[in-house]
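Peer 1: This is a predicted model, with the sequence first.
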Amino acid sequence: MQTDSSIPRRRSIRLPTFDYSTTGAYFITICTKDKKPLFGRMEGIDVRLTTIGKIVDECWLDIPNHFPQVELAAHIVMPEHLHGVILLRPVRNGGDGAKNQCRARHAVPLRTENVPREFAVPMARSIPTIVGAFKSAVSKRARLQTAHSIWQRGYYEHVIRNADDFQKTREYIRMNPARRALKT
């Protein structure tokens, strides 16, 4: 890693001591680059998805097929962002959840021992790895639609702490199109 002080450092917005592979619920928001409305347009309180928006929706719903310990709760694809809730469940039978134990997933090592790791190093079964794989899958499938970068760097996350927080988050996601319609 380069330590040149003339290069600006990226500041992580993640909780520095939190393990993002911990069983629990996570509210995720992922935005398009420059907040361009690539995923659709608003028609009243409805979102009419573009081809890229449909790809985003399909890839989001496909996450549990690639990460078996993941369940998805509410989600919405808006014109320039996606909101969704990822539920990380415990891994069953001590395995890592990979369909084929001999192969690593895209950009994710099979090693899961508790070894010190650096910032931005992929960690199996973690929220950053799941989101990164999702963004990569969308970008790969959308290349036929656009040659431009789709995603803003990073994403926003909120660790959902209890049942009340979970219900409020689901309601926020459900009402997102209606709130948008009120703004215009």
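Peer 2: Here it is on my side, so go on.
Peer 1: Which residue is the nearest non-sequential neighbour of residue 67?
Peer 2: residue 130 (5.5 Å; C-beta to C-beta, 6 or more residues apart in numbering). In this view, the C-beta of every residue, glycine as well, is placed from N, C-alpha and C.
Peer 1: now for the helix or strand containing that neighbour, which elements pack on it?
Peer 2: Here residue 130 sits within helix 127-142, counting by DSSP states H and E. The elements that helix 127-142 packs onto, with contact taken as 3 or more C-beta pairs under 8 Å, 6 or more residues apart in numbering; DSSP states H and E, are strand 24-31, helix 51-66, strand 81-88.
Peer 1: Averaged pLDDT, that helix. What do you get?
Peer 2: The average pLDDT within helix 127-142 is 95.
Peer 1: Which pLDDT value goes with residue 148?
Peer 2: At residue 148, pLDDT is 83.
Peer 1: In three-state terms, label residue 42 for me.
Peer 2: The three-state assignment at residue 42 reads strand, by DSSP: H, G, I helix; E, B strand; the rest coil.
Peer 1: that older thread, output the helix holding residue 130 in CSV with nothing but the alpha carbons.
Peer 2: Coordinates of each C-alpha in helix 127-142 appear next as CSV, following Å, rounded to 0.1, in the frame of the first residue of the first chain:
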residue,chain,number,x,y,z
ILE,A,127,-21.8,-7.0,3.5
PRO,A,128,-19.0,-5.2,1.6
THR,A,129,-18.3,-8.4,-0.4
ILE,A,130,-22.0,-9.0,-1.2
VAL,A,131,-22.5,-5.4,-2.3
GLY,A,132,-19.3,-5.5,-4.4
ALA,A,133,-20.4,-8.7,-6.1
PHE,A,134,-23.9,-7.2,-6.8
LYS,A,135,-22.5,-4.0,-8.3
SER,A,136,-20.0,-6.0,-10.4
ALA,A,137,-22.8,-8.3,-11.7
VAL,A,138,-25.0,-5.3,-12.7
SER,A,139,-22.1,-3.6,-14.4
LYS,A,140,-21.2,-6.7,-16.4
ARG,A,141,-24.8,-7.3,-17.5
ALA,A,142,-25.4,-3.6,-18.3
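Peer 1: so who does the spatially closest residue to residue 160 that is not a sequence neighbour touch?
Peer 2: Spatially, and ignoring its direct neighbours in sequence, residue 160 is nearest to residue 25 (3.8 Å; C-beta to C-beta, 6+ apart). Neighbour list for residue 25: 73, 85-88, 159-160, 166, 169 [criterion: C-beta atoms under 8 Å, 6 or more residues apart in numbering].
Peer 1: Can you add pLDDT and give the residues you listed back as TSV?
Peer 2: As requested, the contacts of residue 25 are exported to TSV (pLDDT from 0 to 100):
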residue	pLDDT
73	96
85	98
86	97
87	97
88	96
159	94
160	96
166	97
169	97
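Peer 1: How far does stretch 61-77 stretch from one end to the other?
Peer 2: Taking C-alpha to C-alpha, to the nearest Å, the first and last residues of stretch 61-77 lie 11 Å apart.
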